[in-house]
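Engineer: 3D model of this:
(3 chains, ligands or ions: 3)
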Amino acid sequence: MHIVVCIKQVPDSAQIRVHPVTNTIMRQGVPTIINPYDLFALEAALTLRDIDGGEVTVLTMGPPMAEDALRKALTYGADRAVLLTDRFFAGSDTLATSFALAQAIGKIGETFGPPDIVFTGKQTIDGDTAQVGPGIAKRLDFLQLTYVARIASLDLDAREIKVERRAEGGMQMLKSKLPCLITMLEGVNVIRRGSLHDALRAARSQIVKWSAGEAGIEDLGKCGLRGSPTVVKRVFAPSSRAEKAVQIDTADKALRDLADELIAAIFARQPALEHELAFEGGSGQGA
Amino acid sequence: MVEEKFDAIVIGAGMAGNAAAFTMASGGLKVLQLERGEYPGSKNVQGAIMYANMLEKIIPDFRDDAPLERHLIEQRFWMMDNTSHAGIHYRSDDFNEAKPNRYTIIRAQFDKWFSRKVREAGATLLCETTATELVYDITDKVIGVRTDRAGERILADVVVLAEGVNGLLGTRSGLRETPRPETVALAVKEMHFLPEEVIEQRFGLKGNEGCVIEAAGTISRSMTGLAFLYTNRESISLGIGCLVSDFAATMESPYALLEGFKNHPSVRALIAGSELKEYAAHLIPEGGYKAIPQLFGDGWVAVGDAAQLNNAVHREGSNLAMTSGRIAGEAIVQVKCRNAPMTKRNLVLYKTMLDDSFVLKDLRKHKDMPALLHTNSHNFFMRYPQLISLAAQNLVRVDGTPKIDKEKATTAAFIKGRSRWGLVSDALRLALAWR
Amino acid sequence: MSSVNRETPPAAGGRAGMKKDLPEHFQAYRHVWVFIELERGEVHPVSFELLGEGRKLADKLGVQLAGVVLGPPGEASWYAVAQAFAYGADLVYIVETPLLADYRNEPFTRAMTDLVNQYKPEILLLGATMRGRDLAGSVATTLLTGLTADCTQLDVDPDGSLAATRPTFGGSLLCTIYTLNCRPQMATVRPRVMAMPPRMDKPVGKVVQHKLSMLEDEIVTKVLGFLPDTQSVKANLAYADVVVAGGLGLGGAENLQVVTKLARALGAEYGCSRPLVQKGWMPAERQIGQTGKTIRPKLYIAAGISGAIQHRVGIEGADLIVAINTDANAPIFDFAHIGIATDAIRFLPALTEAFTRRLSPHNRDKLAS
Ligand SMILES: Cc1cc2nc3c(=O)[nH]c(=O)nc-3n(C[C@H](O)[C@H](O)[C@H](O)COP(=O)(O)OP(=O)(O)OC[C@H]3O[C@@H](n4cnc5c(N)ncnc54)[C@H](O)[C@@H]3O)c2cc1C
Ligand SMILES: Cc1cc2nc3c(=O)[nH]c(=O)nc-3n(C[C@H](O)[C@H](O)[C@H](O)COP(=O)(O)OP(=O)(O)OC[C@H]3O[C@@H](n4cnc5c(N)ncnc54)[C@H](O)[C@@H]3O)c2cc1C
Ligand SMILES: Nc1ncnc2c1ncn2[C@@H]1O[C@H](COP(=O)(O)O)[C@@H](O)[C@H]1O
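Structural biologist: Residues are numbered from 1 along each chain as shown, chains lettered A, B, ... in the order given. Ligands and ions are numbered 1, 2, ... in the order given. From the prediction side, this is the model:
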């Protein structure tokens, strides 16, 4: 079995700063990480490989330094890493990204054997669109299984897969066929700690690096900015509210009086609310 | 166990570990380096000033691509009381030289760069891998380390302990004692981001010029300690450190001290409007020469902070770490070239070479300094700063008091504060310790 | 949205996306469409929120607003059609077939792309629910058009293009995105980001029925079953009128009861900031914010929450935000309406008691009269 896992290197957004004046992202010193959602996909892939045998190839499209993310994935136990890197990919939106990744997966198939399953994360924390996975599936004409919480069974001979898929209001049990693309739900597993052997191997592995041409991409018009139908026209900071909160003075007040004062302030601003609360409750199901 | 055997395993990818690994890998040795952090630098806290000379000895052309923030053209020493500071400033255009002498760096970035050089030299680096204990043979020679990756072991001829001040591996293995509270300082540090132009304007800098402030006084609330403020390209690192034993005795919180420093009127203006991004605490070995443990043994050497090689008096650490790492690397390469075993007898070469370097010479010179400052901390870190401030204010305030009366008042204050004998003895002891 | 560092200089050559003139074959694309999400017999409220937004866009453009109902034959689908009209649609496209009884990507993608290719909308809006995102991704890729995900604001420019605004870089910035030379312009919006429009009693408008040329045998993926969420998991946070939430300031899991008790007294829902989910103190369904739920209650009470931007984006639609935080300088006071700088662990029980008193039957009678 051959599994491809798409991972993305992203800036640790907890540590991103915005320049107060120019509104640009200050990247200095912002560490990069593997998109946390992708680790659930990687672990699911490694688990399948451990059971059914085969190989896991990790793939990323990004700048040369995205190699760090791939090496880390190797430390977790992936067998092979491919970095798709080319200036032609700069400025790709989800359509162009899924085009390039699908092409690279095609090339991976030719070079290392056709993939049975492609995994992606649910979404990225920087792009945050959850669209690249479905995009790749469509391009590859793979069956698309999104928000998968559990892979219930995999029958390689019958090329059949059963999964539990998170849906609105419940869990959907699906039966489908290989090859398929799975976007993995978060929180469903915990990425393993690779062995010392894996760590050593990862440190020394050669990472396969492909330019657009090497990945067999002929139509550069479908890549990067040129291949992206969406255009970012304006980037700006969220506006702050003009007035700050009205602070209720707490000095020398009993908690009880403070509470009454707050309630009075709430109902002064939302007069209808008191009636609703008294007669209908807050429409939640309560605690 | 991993079958493969290495010539050397280096524990830690800080300044000392990188210097050692680089030197050995460049010397043709098969080197494995273990770092417990997510990446080199991820766990490292430093002010941070980097001294060019010591790095040049390892990577001569480091200026080509190392992530350097600013080169220092100005140094300020401040004596502070609660509302004022008196100080010496030294600024010179001579520091705008082709190969500047000191730079501010951000360790997280610098260590990453240094580590890349180490790997390019041929060493293998494993991150997120902690060495948990040393592995011995029946003759008590160190032959490798056990890691936290499923407890797996890996073997080598020699292990270089470059694990920094916490040095759990060395202490756990009984190679040295746990540093005593009076020989380590706890430093807390923050990074404050400000636009480049603002930093340049506030400190009168242009281009890549940088400025350093080191301050002592009532901010450490009579504990032995120093505060610092360094300009980076678009941030300011500032922090304060005091001896762990002092924190324990006074029950002061390091964070409260840092708040005090930040809110001091002289400092507040320099960081106004900045965005706080990073808070970190770290230990600094400050015991000086007398605290240095055994530096080598059968199958192991210790370098950098792990060996307490830190010059607290001059606020130098990374340069001693780099130099001790390099020298240990050179010594090991020499032993290896002679095809000799990595025994204590052969590794003594490291100590001999280190004795000959500025590292141990400087530390020996100031060997009495840490104890002096410590036992006299109330005078040095509370009374004198106050007295100096009083004297300075007396001098510059023009209020019709005759000058002679002012001088008398100043002298009287000093004598009242510390007695004539105390003053003389402090001066004398300071001079002796410095000599 | 860009998946590659934009700092790298753009690739050589012209840039299709920048072209202002819409290619000939896209000129015929007109009208605003909203995907009406039918879920086990019920319409997901996000569809109504989108109809409300779609109405504004259609009016600005002077075009029609259409709903798209994809569902099984029968009452539920037709009820969805009626609902779409009630929330502002001028016409509704409906594809009724047993193949669309349960959500599956293959038939839904086919139905939607067929409709688009035949009736040519200029704007297509979908809810950023799991189903909406699953569908939007494959529809946009099939049609090779632009898709802006998770928008927080939609507008049309003077030249008639859709200006879709969404958070970027972990919510620290917003960006406005255009799909300049492809049609339809697609966007998804999360539930509760847009306000619920008023329901109108309106006669049913024009309905266009469309046949799906697909057989069950052509569909590989089969639904084996559906396990509805248990009541306890199904926090109705997004649609509650009153929400009480706790943050890290509550100190420990044992203190969460001050939040749940107040919620119970108010008949409200309770939620939390992300760290509480990460610590395992509350289930993920109760997380409020960028990576959790977006809420629009009439009253939101935040206790011990600092007000990070990722939390803020989830609660900005609330009518009244009350913040309780020991730190008078906490960022939450920058966007809360009423603030109390005090210890939430001690204050919330007092507040619970005061509310109970105030809303007691005794006072209720006074209110009623
Ligand atoms: C706040 C502060 C300001 C300072 N300012 C300056 C300054 O301006 N100039 C200066 O020259 N010096 C300064 N120093 C001192 C300087 O930082 C240190 O002397 C220097 O970093 C020591 O280098 P090292 O390699 O010995 O240790 P470290 O840099 O601490 O590196 C040790 C490394 O080993 C790793 N490690 C530890 N244990 C294990 C293990 N068991 N397995 C695997 N890896 C392990 C750690 O993660 C770490 O990366 C400052 C220190 C502090 C705390
Ligand atoms: C990609 C990404 C996505 C994220 N998504 C979300 C999200 O969806 N939702 C979310 O909430 N966060 C999210 N976060 C996390 C967010 O950045 C903040 O870290 C988080 O919201 C902080 O939670 P908090 O306010 O509970 O904790 P803190 O920031 O630690 O604040 C605790 C507050 O409690 C106050 N306090 C302390 N004691 C008391 C007391 N006794 N009484 C009253 N007040 C007290 C303190 O003054 C402080 O302001 C995300 C982060 C990232 C990077
Ligand atoms: N540049 C990329 N390289 C590899 N995989 C990616 C890339 N961008 C997105 N992905 C994958 O697509 C998923 C969804 O991303 P997004 O649509 O950006 O939210 C991610 O979790 C990744 O698995």
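
Engineer: and chain A, is stretch B:102-119 touching that?
Structural biologist: Yes. Stretch B:102-119 is in contact with chain A by Cβ under 8 Å from any Cβ of the partner chain, via B:106, B:108-109. All C-beta spots, glycine's among them, are computed from the backbone N, C-alpha and C.

Engineer: most neighbours among the residues you listed, which one?
Structural biologist: Most neighbours among these, by other Cβ atoms under 10 Å in any protein chain shown: residue B:106, with 24 neighbours.

Engineer: do I have it right that that one meets residue B:66?
Structural biologist: No. Counting by Cβ atoms under 8 Å, residue B:106 stays clear of residue B:66, with 11.3 Å between them.

Engineer: can stretch C:238-258 be found next to chain B?
Structural biologist: No. On the criterion Cβ under 8 Å from any Cβ, stretch C:238-258 is out of touch with chain B, staying 15.9 Å away.

Engineer: that stretch spans what distance, first to last residue?
Structural biologist: Terminal residues of stretch C:238-258 are spaced 21 Å apart (Cα to Cα, to the nearest Å).

Engineer: buried sites along that stretch?
Structural biologist: C:238-250, C:255-256, C:258 (16 or more other Cβ atoms under 10 Å in any protein chain shown).

Engineer: then stretch C:62-79?
Structural biologist: In stretch C:62-79, counting by 16+ other Cβ under 10 Å, buried: C:63-72, C:76-79.

Engineer: export the residues you listed to CSV and tack on distance to chain B?
Structural biologist: Shown next, in CSV, are the buried residues of stretch C:62-79 (distance: Cβ to the nearest Cβ, whole Å):
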residue, distance to chain B
C:63, 46
C:64, 49
C:65, 44
C:66, 47
C:67, 46
C:68, 46
C:69, 49
C:70, 46
C:71, 49
C:72, 51
C:76, 51
C:77, 52
C:78, 56
C:79, 53
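
Engineer: how about JSON lines for these, with secondary structure, distance to residue A:226 and pLDDT added?
Structural biologist: Formatted as JSON lines, the buried residues of stretch C:62-79 follow (DSSP: H, G, I helix; E, B strand; the rest coil; distance: Cβ to Cβ, whole Å; pLDDT from 0 to 100):
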{"residue": "C:63", "secondary structure": "coil", "distance to residue A:226": "30", "pLDDT": "97"}
{"residue": "C:64", "secondary structure": "coil", "distance to residue A:226": "33", "pLDDT": "97"}
{"residue": "C:65", "secondary structure": "strand", "distance to residue A:226": "33", "pLDDT": "97"}
{"residue": "C:66", "secondary structure": "strand", "distance to residue A:226": "32", "pLDDT": "98"}
{"residue": "C:67", "secondary structure": "strand", "distance to residue A:226": "35", "pLDDT": "98"}
{"residue": "C:68", "secondary structure": "strand", "distance to residue A:226": "31", "pLDDT": "98"}
{"residue": "C:69", "secondary structure": "strand", "distance to residue A:226": "37", "pLDDT": "98"}
{"residue": "C:70", "secondary structure": "strand", "distance to residue A:226": "34", "pLDDT": "97"}
{"residue": "C:71", "secondary structure": "strand", "distance to residue A:226": "39", "pLDDT": "96"}
{"residue": "C:72", "secondary structure": "coil", "distance to residue A:226": "42", "pLDDT": "96"}
{"residue": "C:76", "secondary structure": "helix", "distance to residue A:226": "44", "pLDDT": "93"}
{"residue": "C:77", "secondary structure": "helix", "distance to residue A:226": "41", "pLDDT": "95"}
{"residue": "C:78", "secondary structure": "helix", "distance to residue A:226": "45", "pLDDT": "95"}
{"residue": "C:79", "secondary structure": "helix", "distance to residue A:226": "46", "pLDDT": "94"}
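
Engineer: and the furthest pair within these?
Structural biologist: Maximum pairwise distance among the buried residues of stretch C:62-79 (Cβ to Cβ): 29.8 Å, between C:63 and C:72.

Engineer: list the contacts of the residue in chain A positioned nearest to chain B.
Structural biologist: For chain A, the residue closest to chain B is residue A:196, as judged by Cβ to the nearest Cβ, at 4.0 Å. By Cβ atoms under 8 Å, 6 or more residues apart in numbering or on different chains, the contact set of residue A:196 is B:2, B:126, B:129, B:147, B:149-150, B:152, B:154.

Engineer: ok, of the residues you listed, which one's closest to residue A:170?
Structural biologist: Out of the contacts of residue A:196, the member with the shortest distance to residue A:170 (by Cβ to Cβ) is residue B:150, at 38.8 Å.
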